[in-house]
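Engineer: could you look at this predicted model? Sequence included:
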Amino acid sequence: MRSRLLRRRSATVAWIYVAVAFGILGTIVAARVLGLEEFGVFATALAAVGFFQVLLDLTVEESLTKYGFRYIAAGDWGRLRRLFRQALLLKLAGGAFATVVLIVLAPFADQIFGSQGVETALLAAALLPLVQSSENVFATAFLLHGRYDLRGAYQAGSTGLRLVAIALAAPLGVNQALAAIVVAQAVSTAAITILGVAALRRFPPAASRELGEDVPGIRSFVAQSSIATGVISLRTTLVPLLLGIVAGPTDVGLFRIAQTPQTGLAAASSPARLVLLTEQTRDWERGEQSRVLAGVRGYTLGAGGMMLVAVPVFFFAMPWLVKVVFGSQYDGAVDAARIILFAAAIQFTLGWTKSLPVTIGRPRLRIVTHGIEAVVAIPLVAVLGVEWGATGAAVAVLASSVAFALAWTVVLARLRAEVAARDRDLHGALQP
């Protein structure tokens, strides 16, 4: 049993790192083939798609994981099936809404961003939220079987298809590259749909039944998760959009290059976060809260130690890395990349903050902490982006990451106190 678990974890790490490599290669190919100005339009269009996709889509995956494990523990297979059916309908509706908004916004895009070509780029990518909407629902079926390794394999395949799409279509232009990405995503979603349905059928058969008394809790969970995801999008996707408005698409392209350390480190922690989400949610539902918090502490210490070694190395190597990987035309991204490296290290060390609110059933914690992050980042981008472009936006990201870390320090201290008090009460109740 132990060796099988180790193999699954190792496979998850390997597949997700392959996915990371494919994703970064896609950015490199697009940047080199399209050139500075066209890559800026490409990055701006993807930022707009990402913003509306996250903002308007309902985040049901977290409630699927939380309540899915609950129904599995209770053997309530009818409610599990009902939960998946409702989640799928909500995701499809959210993806369709985001696509419609992008199509409506497109005619005004050139004027908003002060550059030609953004309108047609948005139209080329507008279907992406719709074709991608259902993939996380079916991917969650793998997590409920404990098969995060299969989830990682799918992620690698999906990013691999995107890389192929960019490599084949980028020489033809921005619009062709974005349209090819949509086609690649459609193929990936079709694949995960087939595999996800098969995974769901592996659970014991049962007729779908109403969620009953769980409906208010599930609705609240989905609402809070969706608000939290929307707040997160204010930092991750609104920042480049706002930068595009105040500084233009070219600076968005430079900022996208500068975000490579952030993308890489976020993806590097992804296997651990996936394992934490699956195993700690299961442990929390079993009443093993202290074990979950011990895992959080171990992750923080280990990740922090890694960053103390990695950050100085990459800081001094950054000018060479940007020139060799992306080309000398992107030298303007070096200072921004160095600044974002520190923000990425903070976020890597606190990678557990993505899964812990789901594990403990308090998604509102993400609303509060990421809300603080957004309140710091957005005004700073508007002010500093005008003066220093991508570098100013990077300073805003670093400042918001520090604020985020301070907020979670307070939250975790309170949570530890709650769990300690609960353990003392339980221990006292068990005494003769």
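Structural biologist: Good, I have the coordinates. Residues are numbered from 1 along each chain as shown.

Engineer: what helices or strands is the host helix or strand of Arg219 leaning on?
Structural biologist: For Arg219, the host element (DSSP states H and E) is helix 215-236. Secondary-structure packing of helix 215-236 (3 or more C-beta pairs under 8 Å, 6 or more residues apart in numbering; DSSP states H and E): helix 2-56, helix 61-74, helix 364-430. Where C-beta positions appear, they are placed from N, C-alpha and C, glycine not excepted.

Engineer: output the below-cut-off pLDDT ranges for the protein.
Structural biologist: Residue ranges of the chain with pLDDT under 70: 1-6, 9, 146, 148, 233-235, 271-275, 277-278, 423, 425-432.

Engineer: one step back: mean neighbour count and distance to Gly152 added to the helices and strands packed on helix 215-236, as JSON lines?
Structural biologist: Formatted as JSON lines, these follow (neighbours: other C-beta atoms under 10 Å; distance: least, C-beta to C-beta, whole Å):
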{"stretch": "helix 2-56", "mean neighbour count": "20", "distance to Gly152": "3"}
{"stretch": "helix 61-74", "mean neighbour count": "21", "distance to Gly152": "16"}
{"stretch": "helix 364-430", "mean neighbour count": "18", "distance to Gly152": "23"}
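
Engineer: out of these, flag the one nearest Gly302.
Structural biologist: helix 2-56 (13.8 Å; C-beta to C-beta).

Engineer: before we move on, the earlier item: so what secondary structure elements neighbour the helix or strand following the helix holding Arg219?
Structural biologist: Using DSSP H and E, the helix or strand that directly follows helix 215-236 along the chain is helix 238-247. Applying 3+ C-beta pairs under 8 Å, 6+ apart, one finds that helix 238-247 makes contact with helix 2-56, helix 109-113, helix 249-258, helix 364-430.

Engineer: in CSV: those, plus distance to Ser290.
Structural biologist: As requested, these are exported to CSV (distance: least, C-beta to C-beta, whole Å):
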stretch, distance to Ser290
helix 2-56, 21
helix 109-113, 51
helix 249-258, 40
helix 364-430, 6
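
Engineer: out of the helices and strands packed on helix 215-236, flag the one nearest Ser133.
Structural biologist: Nearest of the helices and strands packed on helix 215-236 (C-beta to C-beta): helix 2-56, 8.4 Å.

Engineer: what's the angle between the closest one and helix 238-247?
Structural biologist: Orientation check (axes from the mean of the first three to the mean of the last three C-alpha atoms, to 10 degrees): helix 2-56 against helix 238-247 gives 40 degrees.

Engineer: angle of helix 2-56 against helix 215-236?
Structural biologist: Following the same axes, to 10 degrees, one obtains 80 degrees for the angle between helix 2-56 and helix 215-236.

Engineer: picking that back up, indicate which one of the helices and strands packed on helix 238-247 is closest to Arg70.
Structural biologist: helix 364-430 (18.8 Å).

Engineer: re earlier: nearest to Phe69, of the helices and strands packed on helix 238-247?
Structural biologist: helix 2-56 (16.6 Å).

Engineer: specify the angle between the closest one and helix 249-258 in degrees.
Structural biologist: Using the same axes, to 10 degrees: helix 2-56 against helix 249-258 is 170 degrees.

Engineer: now do helix 2-56: distance to the chain's middle.
Structural biologist: 10 Å (C-alpha atoms, centre = their mean, to the nearest Å).

Engineer: now render the helices and strands packed on helix 215-236 as CSV, adding distance to Thr229.
Structural biologist: Shown next, in CSV, are the helices and strands packed on helix 215-236 (distance: least, C-beta to C-beta, whole Å):
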stretch, distance to Thr229
helix 2-56, 6
helix 61-74, 9
helix 364-430, 8
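
Engineer: out of those helices, flag the one nearest Arg209.
Structural biologist: That would be helix 61-74 among those, by C-beta to C-beta, at 10.7 Å.

Engineer: could you check the angle that closest one makes with helix 215-236?
Structural biologist: Using the same axes, to 10 degrees: helix 61-74 against helix 215-236 is 140 degrees.

Engineer: C-terminal to helix 61-74, what's the next element?
Structural biologist: Using DSSP H and E, the first helix or strand after helix 61-74 is helix 77-105.

Engineer: which other helices and strands contact that following helix?
Structural biologist: Helix 77-105 sits against helix 2-56, helix 61-74, helix 118-125, helix 128-132, helix 135-144, with contacts defined as 3+ C-beta pairs under 8 Å, 6+ apart.
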